[in-house]
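**Q** Sequence plus the predicted model coming up.
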Amino acid sequence: IEHVLVHYRWVIVCLFLLPASFLFDIYMTLRAWLIFKLNSAPQQHDARVKNVQEQVRNFKLGGSKMCTSRPGWATVSIRLGKYKKNMKKININLMDILEVDTERKVVRLEPLVTMGQVTSLLLPLGWTLPIVPELDDLTVGGLIMGTGIETSSHKYGLMQHVCESYELVLPDGSLTKCSKCTFAIIVFSISRTENPDLFYSVPWSYGTLGFLVAAEIRIVPSKPFVRIKYQPAHSAGELVDIFTKESKKTKENDFVEALAYSDEEGVVMTGNFCDIYEAGKLNRIGRWYKPWFFKHVETKLKSNESSVEYIPLRDYYHRHTRSIFWELQDIIPFGNNPLFRLLVGWLMPPKISLLKLTQGETVKRLYEEHHVVQDIMVPMKNLTKCLQVFDQEIKLYPLWLCPFYLPKDPGMLAPPSEEMYVDVGAYGEPRAPDFNNVKTIRRIEKATKDFNGYQMLYADSYMTREEFREMFDHTLYDKVRKSLPMCEEAMPEIYDKVH
Ligand SMILES: Cc1cc2nc3c(=O)[nH]c(=O)nc-3n(C[C@H](O)[C@H](O)[C@H](O)COP(=O)(O)OP(=O)(O)OC[C@H]3O[C@@H](n4cnc5c(N)ncnc54)[C@H](O)[C@@H]3O)c2cc1C
Ligand SMILES: NC(=O)C1=CN([C@@H]2O[C@H](COP(=O)(O)OP(=O)(O)OC[C@H]3O[C@@H](n4cnc5c(N)ncnc54)[C@H](OP(=O)(O)O)[C@@H]3O)[C@@H](O)[C@H]2O)C=CC1
Ligand SMILES: CC(C)=CCC[C@@H](C)[C@H]1CC[C@@]2(C)C3=C(CC[C@]12C)[C@@]1(C)CC[C@H](O)C(C)(C)[C@@H]1CC3
């Protein structure tokens, strides 16, 4: 049965999930279109927020705590969110783009707006978010309460570093706005002044301080294409050298990313916005019949020379969406076959939420035992050692390498000094002979802590509460939880949601 479930999962996926994903997308597109034509989103926002406040005010203290009502299967994470079972679920039905203000260079978004929605709206206007995490279905709320990273992060940092303000319904039902500025502004019905402590403790808080109802995120001008340069490397030293050097060029490179295909080979990609492309070098990698991006990049290893291509901006942002990084090859083994792409490619990828909903206990257990999904964020100077640990412990390729700048802001991440970090992402089936899910991941978590690094918390974490508190600085978080009325009684702690 296990063999059939794993090797023939594609039958269910191709016959049922792909058409279902397609119908769901049509529904969402029609809905967004209708809302914009009726121009109703901004007017309905205040009423919807009042509804969230009412639900929170109706919560009775004692025993259970509060979380959002978003079902576990709908989220972009490995978790099913079992903690939600016994909690009071607050329905946050806020999924619209409220305002695009090109003068102040900010966009005001509701928490269920997805990255796919943002790029289809902003790019035609010539604007973009400084950081656009690449999976279409990632939401603003999840990326702010968790974290978000992209290949422009070497310039801008993480999602939290490009946010201007958050509007939250607090555990006592009051509405507040917080931002990093220290001067007081009173906006509409929002009665409190800006609260920088709250602002800095929201990222990585996983919805344990209150409910996000809107956020202002910076926007930057965009251009229609990305000029991308592929630099193949044929030793680990060369890969780390080129990657480190390119990540430091924050002015010259708009995007930096690398894929390591083995312990000795990888390709570093640097990208720049541009208005026009050279004839014959345009590659619309987002088209349904094109090869999966990571397979396309792998072909660059055949040569020692670097090469250049032009990719439409939206195709670039969502370059890993069609193959769900490299996860889809395990689910539909022939998904990258040219004939399959030509005939069925336009239905791809299946929605992650539908895959989760239909996966069943056995597949879930098999994934838990024989699959790794981890993103580890370490200082760039420790990258070589980190790659060695990954090779020894899990031997899983490709690895995703994404640089990001980490300032020394207050909050959960307290790096010893501000510096360039790198996110090392491992997604797939490990080939290390001694792999044991819990033991191996615990060893990787320990190494991460020794490197002054952080584990991304959408994935499985096996740290004890003490280890978790050593990795993430809870000083400000604890202070804010104490100061917010009813917070400690009504909201769970981060650890209780993510461990
Ligand atoms: C509040 C608001 C104000 C705007 N103001 C201007 C303006 O002043 N000048 C200007 O040139 N453009 C403005 N736009 C952007 C405008 O939506 C785009 O130009 C858009 O692409 C219009 O073309 P369309 O109606 O054919 O697009 P559509 O096909 O209707 O939309 C394009 C994509 O945008 C997304 N989308 C559209 N509306 C919404 C919404 N309300 N919530 C969430 N997602 C949505 C959808 O995902 C869709 O796929 C504004 C958008 C909004 C939401
Ligand atoms: N490139 C990248 O940066 C990528 C990032 N990710 C990760 O994926 C996750 C995002 O996935 P997504 O499905 O969008 O989010 P989720 O629904 O998984 O939400 C993540 C957390 O944010 C909380 N949250 C979400 N919305 C609100 C809100 N309005 N108010 C209060 N709390 C809220 C949730 O709380 P609750 O538990 O109460 O529901 C949950 O704990 C992030 O953790 C991100 O780090 C994944 C892939 C790529
Ligand atoms: C920081 C970055 C770039 C993170 C990328 C993370 C992705 C690779 C993760 C996020 C959600 C994720 C864990 C998921 C899966 C693969 C890896 C994903 C896509 C899959 C699709 C694997 C197959 C599983 O049966 C199941 C459907 C449950 C999950 C769903 C979530």
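**A** Sure, I can see it. Numbers count the residues shown, from 1 in each chain. Ligands and ions are numbered 1, 2, ... in the order given.
**Q** Would you mind naming what in this protein lies close to ligand 3?
**A** Applying Cβ under 6 Å from any ligand atom, we find that the chain lies next to ligand 3 at 76-78, 149, 324-325, 327, 352, 355-356, 359, 363, 367, 373, 375, 400, 423, 425, 427, 456. For the C-beta atoms, the positions are set from N, CA and C on the backbone; glycine is no exception.
**Q** what's around the nearest residue to residue 328 once chain neighbours are set aside, how many residues?
**A** Closest residue to residue 328 apart from its sequence neighbours, by Cβ to Cβ, 6 or more residues apart in numbering: residue 335 at 5.1 Å. Neighbourhood size, residue 335 [other Cβ atoms under 10 Å]: 23.
**Q** ok, now which ones touch residue 335?
**A** By Cβ atoms under 8 Å, 6 or more residues apart in numbering, residue 335 lies in contact with 292, 323, 328, 329, 341, 348.
**Q** switch to 7 Å and redo it
**A** When contacts are counted by Cβ atoms under 7 Å, 6 or more residues apart in numbering, residue 335 touches 328, 329, 348.
**Q** what does residue 68 give?
**A** Shown in contact with residue 68 (Cβ under 7 Å, 6+ apart): 89, 90, 92, 207, 211.
**Q** Tell me which of the contacts of residue 335 fall in helices.
**A** The helices, defined by DSSP state H, take in 328, 329 from those.
**Q** Please identify, among the contacts of residue 335, the one with the most neighbours.
**A** Highest neighbour count within the contacts of residue 335: residue 348, with 23 neighbours (other Cβ under 10 Å).
**Q** per-domain residue ranges of this structure.
**A** Domains of the chain are assigned by automatic domain parsing as 39-221, 365-462.
**Q** circling back to that earlier point, mind checking which of the residues of the chain next to ligand 3 land in helices?
**A** Those of these mapping onto helices are 352, 355, 356, 363, 367, per DSSP H.
**Q** how many other residues sit next to the residue of the chain found nearest ligand 3?
**A** Closest contact between the chain and ligand 3, by Cβ to the nearest ligand atom, is at residue 355 (3.5 Å). For residue 355, the count of nearby residues is 21 (other Cβ under 10 Å).
**Q** isn't residue 497 right up against residue 206?
**A** Yes: shown here, residue 497 and residue 206 form a contact pair, counting by Cβ atoms under 7 Å, at 5.0 Å.
**Q** separation between residue 375 and residue 320?
**A** When distance is defined by Cβ to Cβ, to the nearest Å, residue 375 is 13 Å away from residue 320.
**Q** So what touches the helix or strand hosting residue 154?
**A** Remark: residue 154 resides in helix 153-156, with elements defined by DSSP states H and E. Contacting residues not belonging to helix 153-156 are listed as 130, 131, 162, 247, 250, 256, 402, 403, 404, 405, 420 [Cβ under 7 Å, 6+ apart].
**Q** now with 8 Å?
**A** Counting by Cβ under 8 Å, 6+ apart, 130-131, 162, 247-248, 250, 253-254, 256, 402-405, 420, 423 sit against helix 153-156.
**Q** And for stretch 482-499?
**A** The contact list for stretch 482-499, computed with Cβ under 8 Å, 6+ apart, reads 59, 61, 65-67, 79, 81, 83, 87, 170-172, 174, 197-198, 204-210, 457, 461-463, 465, 468-469, 472, 477, 480-481.
**Q** cool, and stretch 43-61?
**A** 66, 88, 90-94, 96, 98, 110, 167, 169-175, 188-189, 211, 213-214, 486, 489-490.
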